[in-house]
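Enquirer: Next input, structure requested:
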Amino acid sequence: MGCVALHSQAQDIQADNMLLFQRANGGWSKQYHGKAFSYNMQLTDSLRKDIATEASHDDANIDNESTKKEIRYLVKAYKNYHNPKYLQAAERGIRYLLAMQYANGGFPQYYPEKLLYRAEITFNDNAMINALNVLQDVVLKQNDMEVVDPKLIPPCTDAIKRGVQCILKTQIKVNGKLTAWCQQYDQVTLQPAKARAYELPSLSGSETVGIVNFLMSQPNPSPEIKTAVSAAVAWLQDVKIEGFKFTAVPASGTPKGSNRELVPTKDAPPLWARYYEISTNKPFFCDRDGIKKYSVAEIGYERRNGYAWYGNWAGGLLKKDYPEWVKKWDKG
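Expert: So this is what the prediction gives:
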C-alpha cells in the first residue's frame, strides 16, 4: 500500500504520527504491539488502520518518558509550524496527566489500567517527576509551554502542590532520620512497594536524584522542601561508592561476549547502587526470582547485564547543582 497523502505534505512527520497514536484519553503508550517504536516513519494505509486499532486501547502511560515525550515534541512542532492540531494534542496530553493524578498527589505508571503494579505511585525511571516537570513548565510558561492554554495553569498549579506534598510524605525515615525514596509506593498507604520481581522496596540511588532535582526547582522552596533536599543529599553522600566502576569485561562463552562487573578502579567517579536496603543501606540485587543478593556477581547473567544496577547518578547533583541551590536559597 502506498503512503498516505498526509505524509507527502507533512509539516512534521513525527508530530503527525503522534496525532495518530494518541489515545482517546489524551495519553500515549510507550509501545506499539508490545515493542518500542519510532515516530519517524512513513505510514502506509494498512499501517494507519492498524494504528487506529492500537490507539483505541486504554494503555496510555508515563513509563519510559511516554506522554511527556509527545507533549514536549508537539509544542515545539506547534511553535515551528503553527498547526493547531499539534497544540490541541499536546493540551489533551496535559489534561491526561492532570486526570491520572491521585488526590494524594501521586501519579500511577498507567492510567486508567491498574493491572499488577501499574497503579502504584511510580518514581521509577522518573515517571512521576517527568509528569510534574511538564505541569510545572505550563505554570511557569517555560520550555515552550508558554503557548499552552492559560486555563490549564490553575489545575497544573494545584497538581504541583499536591505532587510536592506526596513527595515529602513518601521520603523514607530510618530510625527517625529522613533518607531517600523508593521507586514505587502503594497508592493508598504510601508505603514502599514492590514492582517487578527484581524491583523490591528499597532506597533508590537513581530515582532519588530526579526527585531532589525537582524539589530544588521549586520557586521559593518551603522549609519542608529544604529539609527534604538536605537530608536526601546527606544520604547520597553517605552511600556513595568510591574506587570502582561497573563495566563490561571480556567473557568468552557468554551471550554478549562480555560480563558486567564491579571493578576496582583508581580515580573512578563515585557510583551509587540502584537499590539500598532500607534498614541497613547495603546495596542489593535480584534476579527474576525476587531473591535478594548482596553482590551483583551473585545474580544471573541476564539480569546482571540487563539492568542499571550502578550509576554516577548523583555526581552532578553533589558537585554542582546542590551547592548552587544552597547558595541561592539556604538562609540558615
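
Enquirer: Please make it C-alpha for all contacts and neighbour counts, starting now.
Expert: Will do.

Enquirer: so Tyr275 makes contact with Glu207?
Expert: No: contact criterion Cα atoms under 8 Å: Tyr275 and Glu207 do not qualify, at 9.8 Å.

Enquirer: Could you give the number of residues near Gly176?
Expert: Neighbourhood size, Gly176 [other Cα atoms under 10 Å]: 7.

Enquirer: Distance check, it against Ser279.
Expert: Distance of Gly176 to Ser279, given as Cα to Cα, to the nearest Å: 12 Å.

Enquirer: Off-centre distance for stretch 252-272?
Expert: Here the centre of stretch 252-272 is set off from its chain's centre by 25 Å, with Cα atoms, centre = their mean, to the nearest Å.

Enquirer: Got phi/psi on the residue most central in space within the chain?
Expert: Geometric centre of the chain, nearest residue: Asn126, 2.0 Å, by Cα atoms, centre = their mean. Taking degrees, to the nearest 10, you get phi 60, psi 30 for the backbone angles of Asn126.

Enquirer: In contact with it, which residues?
Expert: Residues near Asn126 by Cα atoms under 8 Å, 6 or more residues apart in numbering: 207, 210-211.

Enquirer: What score does Glu298 have for pLDDT?
Expert: As predicted, Glu298 sits at a pLDDT of 97.

Enquirer: ranges for the strands of the stretch 151-300 of the chain?
Expert: 173-174, 177-178, 184-185, 203-204, 244-250, 258-264, 272-273, 275-276, 285-286, 292-293 (DSSP state E, counting those that start in this stretch).

Enquirer: So which other helices or strands are in contact with the second one?
Expert: In this structure, strand 177-178 packs against helix 223-239, with contacts taken as 3 or more Cα pairs under 8 Å, 6 or more residues apart in numbering; DSSP states H and E.

Enquirer: What mean pLDDT does the helix it packs on get?
Expert: On average, helix 223-239 scores 98.

Enquirer: what's next to it, contact-wise?
Expert: By Cα under 8 Å, 6+ apart, helix 223-239 touches 168, 171, 178-180, 205, 208, 212, 215-216, 272, 281, 314, 318, 322, 330.

Enquirer: right, and the pair among those with maximum separation?
Expert: Spatially, the most separated pair among those is Asn281 and Asp330, at 27.6 Å (Cα to Cα).

Enquirer: The two: who's more crowded?
Expert: Asn281 (17 against 12).

Enquirer: Got the confidence number for Lys331?
Expert: We have a pLDDT of 61 for Lys331.

Enquirer: How many neighbouring residues does Asn220 have?
Expert: When neighbours are counted by other Cα under 10 Å, Asn220 registers 10.

Enquirer: hang on, I meant Lys328
Expert: Lys328 has 9 neighbours, counted by other Cα under 10 Å.

Enquirer: Need phi/psi at it.
Expert: phi -80, psi -40.

Enquirer: what do you get for Ala103?
Expert: phi -60, psi -30.

Enquirer: Isn't Ala297 up against Val263?
Expert: No: applying Cα under 8 Å, one finds Ala297 not in contact with Val263, separated by 11.1 Å.

Enquirer: Kindly export stretch 194-209 (C-alpha atoms) in PDB.
Expert: Below are the C-alpha coordinates for stretch 194-209, written out as PDB (Å, rounded to 0.1, in the frame of the first residue of the first chain):
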ATOM      1  CA  LYS A 194       7.400  -3.900  45.000                       C
ATOM      2  CA  ALA A 195       7.000  -3.700  41.300                       C
ATOM      3  CA  ARG A 196       8.700  -6.300  39.100                       C
ATOM      4  CA  ALA A 197      10.200  -9.300  40.800                       C
ATOM      5  CA  TYR A 198      13.600  -7.800  41.000                       C
ATOM      6  CA  GLU A 199      12.400  -4.300  42.000                       C
ATOM      7  CA  LEU A 200      11.900  -4.700  45.700                       C
ATOM      8  CA  PRO A 201      11.100  -2.000  48.300                       C
ATOM      9  CA  SER A 202      14.400  -0.100  48.700                       C
ATOM     10  CA  LEU A 203      16.100   3.300  48.900                       C
ATOM     11  CA  SER A 204      16.900   4.200  45.300                       C
ATOM     12  CA  GLY A 205      20.300   5.800  44.400                       C
ATOM     13  CA  SER A 206      18.900   6.700  41.000                       C
ATOM     14  CA  GLU A 207      15.300   7.900  41.400                       C
ATOM     15  CA  THR A 208      16.200   9.900  44.500                       C
ATOM     16  CA  VAL A 209      18.300  12.200  42.300                       C
END
